[in-house]
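Engineer: Give me coordinates for this.
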Amino acid sequence: MAKLVYLALAVVLSLSASAVARQTEPLQPAFDDESSRDQFVTPATISGPLDGENPADDWNVNGSNDWFEPANPIEIFADPDEDCGAAPLTAAPRRMIYDTAVTATRLAPVDGFAVSDVDLRSTLIIPVFIKGSPLRLALGGGTTMISAPASINVPSQLYNFTAELRCLIPLRETWAVDVGVGGGLFSDLSGSVGDGFRVTGRAIFIKEVNPQFKYSFGVLYLGRKNLPAMPVAGLIYTPSDDYKLELLIPRPRVMRRFAMTGSCEHWGYFGAEIFGGNTWAIQQSNGAQDTFIYKDNRIIVGYEAKVPGGFAGRVEAGYVLSRQVSFTNDPTTFTPGGTMMLRAGLSY
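Structural biologist: Predicted coordinates for the structure are as follows:
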């Protein structure tokens, strides 16, 4: 089953690369979508208000036309400084697939416990518009490899497959809401597959005070055993093109653009990831069905190179603390010590 799913994801990724390569006008890069960087953090992508994405970029009808040209004009809020009205339609190339990325993370072994994971994702644009904003279908899949002491009865390989249907909907003037519903399978793909399915969702409000300042608040429904839901709140301040402060739960960051090489932007940042972890339905070696729970928090420094409409790459290093391993039915618990993290990713 896992091989079939990975084959399907590979086809989507290859189609994405070829489709984007044929475009004459690049789509706004979405590599800042922090949520998909590590499936430990959340089982479904968190983008939009969490990465500083400007809601106006999504609900502007001309921006929407970067993906599709609607059959009928829709009256939407086109400019935060102007009244609502019918914005002119602008022809643009059609784009079906974008935001394709692969990420690999390694947590160094400490106390006999180590974690490695690889994550793939891609987003499909669906030509169904709500107030000028298209629906998006985010697809993802990954594998997590666990190395644990003999006393921790957990499979050595775990899997996750996710899908979420999302839309960023304008409410009035500079308000918008990011809504989504989806599901995911988090399991070792043994007899526990049925127990590994979880429903996920989101409702996050975004207020743009001005082009430099916006804030958001809402909730993510994760469906995890140890964390069914997660609050989302904070502010984003961009005092200049070279600085960005994302003071947000669950992933605050302070970013600095320190150089440009042609159209390539070079960014450095310092941040944290809280409420980290995930849960998987597993079958233990004795045949018992259980849920494996892992959680941690992370402090991270990173470098990212971004080319608008092209490839983006990043490397991160960090320290992982407050780690804990537990099970739903098995009373065994384990608290490995803090460890170092290394993460690398490539997006197109």
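Engineer: And the helices in this protein?
Structural biologist: Taking DSSP state H as the criterion, the chain carries its helices at 2-21, 55-59, 61-64.
Engineer: Any stretches of the stretch 51-200 of the chain with poor pLDDT?
Structural biologist: Flagging of the stretch 51-200 of the chain using pLDDT under 70 yields the residue ranges 51-95.
Engineer: got the residue ranges for the strands in it?
Structural biologist: 97-110, 113-130, 133-147, 157-170, 175-187, 197-210 (DSSP state E, counting those that start in this stretch).
Engineer: Which elements pack onto the longest one?
Structural biologist: Using 3 or more C-beta pairs under 8 Å, 6 or more residues apart in numbering; DSSP states H and E as the contact definition, the elements that strand 113-130 packs against are helix 2-21, strand 97-110, strand 133-147, strand 157-170. All C-beta atoms are positioned from the backbone trio N, CA, C, and that covers glycine.
Engineer: orientation of that strand relative to strand 97-110 in degrees?
Structural biologist: Here the directions of strand 113-130 and strand 97-110 differ by 160 degrees (axes from the mean of the first three to the mean of the last three C-alpha atoms, to 10 degrees).
Engineer: Strand 113-130 pairs with which strands, parallel or anti?
Structural biologist: According to DSSP bridges, strand 113-130 forms sheet pairs with strand 97-110 (antiparallel), strand 133-147 (antiparallel).
Engineer: Can you lay out those as TSV showing distance to residue 158?
Structural biologist: Shown next, in TSV, are the strands paired with strand 113-130 (distance: least, C-beta to C-beta, whole Å):
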stretch	distance to residue 158
strand 97-110	13
strand 133-147	4
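Engineer: Among these, which comes closest to residue 308?
Structural biologist: Of all those, it is strand 97-110 that lies closest to residue 308, at 12.8 Å by C-beta to C-beta.
Engineer: Of all the residues in the closest one, which ones are buried?
Structural biologist: 97-103, 105-107 (16 or more other C-beta atoms under 10 Å).
Engineer: same deal with stretch 277-285?
Structural biologist: Applying 16+ other C-beta under 10 Å to stretch 277-285 flags 277-284 as buried.
Engineer: Need the max-distance pair from those residues.
Structural biologist: Applying C-beta to C-beta across these, the maximum distance is between 277 and 283, 20.3 Å.
Engineer: ok, now which residue in the chain is the farthest from the centroid?
Structural biologist: residue 286 (35.2 Å; C-alpha atoms, centre = their mean).
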